[in-house]
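Asker: Dropping a prediction and its sequence here:
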Amino acid sequence: MSSFSDITKKIKTFSTQMYLMRLTTLLFIGFLAITSCKKDKKKVNPIEPKENKELLNYAKGFSITYYDTHTEIIVTSPWPKSKDSYRYLLIEDGGTIPEHNDTDIVIQLPIEKIVVMSTTNIPALEYLEVDDKLVGFPNTRFISSEKTRKRIENGEIKDLNNDLEINIELLLDLQPELVIGFSVNGNDQKLDQIKKFGIPVVLDGAWTEAHPLGRAEWLKFVAAFFNKKKEADNIFNHIESNYLKATQIALKAKSLPTVFSGALIKDVWYVPGGKSFVAKFLEDANTNYLWKENKSNGSLQLNFENVLEKANNAELWIGAGLFENKAQMQEQHKGYTYFEAFKKNNIYSYTNKVGPEGGLLYYELGPLRPDIILKDMINISHPGLLNNYENFFFKRLE
């Protein structure tokens, strides 16, 4: 017969075994629960793109990704050397808003009323055939497009004063569902004020691109807000094809003329950097741009003597500011007359097409149509290479 102590030991042993069995069971159940939760989480939150990111061959400053529930746009270059980026989530009417941060901007589609801040957006709206959505613009007198000017004259597009002093009261009366703006350095009090009224504001950074086709590719950025991907692809492919064909024609030139650009603003001569979009145009036009070795993608700020020393004997002066004729140039600065290009009437400005209120079509349409700018430059640099071609944006100053 077992002693009392033996019975106690058996009870303790049995209790320990039961405890271990329960603990093992609980751990196993916990493992199943965790595994089950992980599986369920994968099922309820799939964010698989229905197609890959938008193919951008030239633009570096934004991306577009299509998801089952929304479209995501990220702008990484809203202004030069920006360390900030902006995320925009485009949701179809009635769609589910995905998880997002407070800094993300959610935009409900479709867009029926829009305000843009730059004339460069006007051609994009027209080419995509959504220009009827435009209801307001700051300084409408700068718009050159005949089609859009008719809508201005008919009162369909309201003048919002200017981009620095927006008429907020009128803007609110228009009730736009989207404002496309731009920023020079991120300090934009008026755009911030618009945001406070609950109107989505997005930043177009096309002007920061170094490749001319990169600027034109921002057409896809605008198109995303109107579900016009297919149309934008077709338009851009046409522009790209024209540009690349023109580049190949320029290679047939037998000589490379020396070229310089820019003009004085007060006492500073702004010269396009060697990696700027202007320098890229001159490279693709098969010319010898005098500052091509420079590494800047912006403008160089030089004095008159610096430019005269290097460009005195240059054959062509392409992009001589906003001058209409040589008399205006001489009146502003007698030193312009020292250049060989001035003496030989080889100066070209982009003032060939001027809107009824003084706006330049070069600034408005040029960013979207780099193929036309390139053909102009080829025609100037290599006369006769383009058969029966007449300059569109540029004209020779007499």
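Answerer: Ah, there it is. Numbers count the residues shown, from 1 in each chain.

Asker: Please count neighbours and contacts with C-alpha atoms only from this point.
Answerer: OK.

Asker: mind checking the SS state of Ile74?
Answerer: Three-state call for Ile74 (DSSP: H, G, I helix; E, B strand; the rest coil): strand.

Asker: so what's it closest to, chain neighbours aside?
Answerer: Arg87 (4.5 Å; CA to CA, 6 or more residues apart in numbering).

Asker: Surely the one you found is in contact with Asn101?
Answerer: No: proximity of Arg87 to Asn101 does not meet the contact threshold set by CA atoms under 8 Å, at 9.2 Å.

Asker: out of those two, which sits in the more crowded spot?
Answerer: In this view Arg87 and Asn101 are compared by other CA atoms under 10 Å, and Arg87 has more residues nearby, 19 against 8.

Asker: distance of the more buried one from Pro78?
Answerer: Taking CA to CA, to the nearest Å as the measure, Arg87 falls 11 Å from Pro78.

Asker: Got the phi and psi for Ile199?
Answerer: phi -90, psi 120 (degrees, to the nearest 10).

Asker: what does Phe197 give?
Answerer: phi -90, psi 10.

Asker: hey, where'd the helices end up in this protein?
Answerer: For the chain, helices defined by DSSP state H occupy the ranges 4-44, 121-127, 146-153, 168-174, 189-196, 212-216, 219-224, 229-250, 277-284, 304-311, 326-332, 340-343, 361-365, 370-381.

Asker: Break the chain down into its domains, please.
Answerer: 62-239, 252-396 (automatic domain parsing).

Asker: how long is the shortest one end to end?
Answerer: As for domain 252-396, its first-to-last residue distance stands at 23 Å under the measure CA to CA.

Asker: Pipe the domains of the chain into a markdown table and attach mean pLDDT and distance to Glu54 per row.
Answerer: Shown next, in a markdown table, are the domains of the chain (pLDDT from 0 to 100; distance: least, CA to CA, whole Å):
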| stretch | mean pLDDT | distance to Glu54 |
| --- | --- | --- |
| domain 62-239 | 96 | 5 |
| domain 252-396 | 96 | 18 |
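
Asker: and stretch 65-76, which residues are buried?
Answerer: 65-67, 69-76 (16 or more other CA atoms under 10 Å).

Asker: Pick out the most distant pair among the residues you listed.
Answerer: Thr69 and Thr76 (22.6 Å; CA to CA).

Asker: So which of the domains of the chain is nearest Lys53?
Answerer: Going by CA to CA, the one of the domains of the chain nearest Lys53 is domain 62-239, 4.4 Å.

Asker: how long is that closest one end to end?
Answerer: For domain 62-239, the end-to-end distance is 19 Å (CA to CA).

Asker: Also stretch 259-272?
Answerer: 12 Å.

Asker: Buried residues, that stretch. List them.
Answerer: Quick answer for stretch 259-272 (16+ other CA under 10 Å): 259-264, 269-272.
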